[in-house]
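In: generate a structure from the sequence data that follows.
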Amino acid sequence: MIDLHALHLAEVAVLGAHCDDIALGVGGTLLTLSSISPGVRVRALVLSGGESRREIEERHALAALCPGADVELDVLDVPDGHAPAYWEPIKTALEGFRHRCAPDIVFAPQRGDAHQDHRLLAELVPTVFRDHLVLGYEILKWESDTPKATVYHPLTLAVAEEKARVLIKHYPSQADRDWFDEESFLGLSRLRGVQCRRMHAEAFVLEKMTVRFGRT
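Out: Next up, the predicted model:
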């Protein structure tokens with residue numbers, strides 16, 4: 001087990017294809033990091049929803065998930081569902097984002113996601129953040145693309161419940177989705193908790209990691 005307290009995280013980068021992806025995939029982890037690392041820098045980039053109601057929702061949700069953190073959020077206006085057609089501007093935006101931040105860890109969608117926007121972002125992130133630890137988060141939805149997780153971050157019951165509350169409160173535009181409710185959010189985090197012998201957890205996919213023992 002890796003203790004987040006021992007990592008001394010000063011800055012994290014979080015990337016999403018849509019407003020609410022970050023909250024769904026890594027909201028509990030952001031709540032935890034903000035609690036144990038006051039003032040941590042959170043740099044976020046979302047591909048779609050710029051200058052819309054969705055961007056307002058995202059800004060409020062991130063503020064709630066990162067209390068006391070130094071949060072900067074950029075929201076682009078790539079059309080929802082059409083990210084593959086915007087490969088070049090997305091790659092350019094990612095490169096610009098990379099030069100504006102220096103994260104200790106990067107959170108992005110996982111490569112096996114069934115949604116084309118999520119999948120494209122997952123494929124591009126490692127081409128830009130080449131020397132970083134990148135954890136691919138899962139995004140709850142109706143497709144049966146739940147990944148085989150390789151990394152777990154345990155959550156307390158209070159954090160899992162707060163994540164669910166933030167999602168419901170700050171994303172009213174998603175309320176008509178039949179899966180967007182507290183039972184779904186807590187059900188998934190409880191399942192991931194079972195898999196790492198905790199009450200609740202968020203799960204990630206890790207493609208590559210360098211481990212150094214001693215001063216090699």
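In: which one's the longest helix in the chain?
Out: helix 21-36 (DSSP state H).
In: sheet partners, orientation included, of the next helix or strand after that helix?
Out: For helix 21-36, the following helix or strand on the C-terminal side (DSSP states H and E) is strand 41-46. Neighbouring strands of strand 41-46 in its sheet, by DSSP bridges, are strand 11-16 (parallel), strand 70-75 (parallel).
In: Ala114 reaches Thr146, doesn't it?
Out: No - taking contacts as Cβ atoms under 8 Å, Ala114 lies outside contact range of Thr146: 9.9 Å. Every C-beta, even on glycine, is put in place using the N, C-alpha and C of the backbone.
In: between the two, which one's more packed in?
Out: Neighbour count, other Cβ atoms under 10 Å: between Ala114 and Thr146, Thr146 has more, with 17 against 13.
In: please confirm that that one is located within a strand.
Out: No - judged by DSSP: H, G, I helix; E, B strand; the rest coil, Thr146 forms no part of a strand; its state is coil.
In: which residues does it contact?
Out: Applying Cβ atoms under 8 Å, 6 or more residues apart in numbering, we find Thr146 in contact with Glu138.
In: show the pLDDT at it.
Out: What the model reports as pLDDT for Thr146 is 94.
In: quick one: the helices in the chain, in order.
Out: Under DSSP H, the chain gives helices at 4-7, 21-36, 53-65, 87-99, 116-128, 157-170, 182-195.
In: chain center to the longest one, what's the gap?
Out: Think helix 21-36. Chain-centre distance of helix 21-36: 7 Å, with Cα atoms, centre = their mean, to the nearest Å.
In: ditto for the fourth one
Out: Shown here is helix 87-99, whose average C-alpha point lies 18 Å from the average C-alpha point of the whole chain (Cα atoms, centre = their mean).
In: any idea of the angle that helix forms with helix 116-128?
Out: 50 degrees (axes from the mean of the first three to the mean of the last three Cα atoms, to 10 degrees).
In: one more: the second one?
Out: Our comparison of helix 21-36 with helix 116-128, counting by the same axes, to 10 degrees, yields an angle of 50 degrees.
In: mind listing what the nearest residue to Thr32 once chain neighbours are set aside touches?
Out: In space, and not counting its chain neighbours, Thr32 is closest to Val159: 6.0 Å by Cβ to Cβ, 6 or more residues apart in numbering. Val159 makes contacts with 28, 31-32, 200, as judged by Cβ under 8 Å, 6+ apart.
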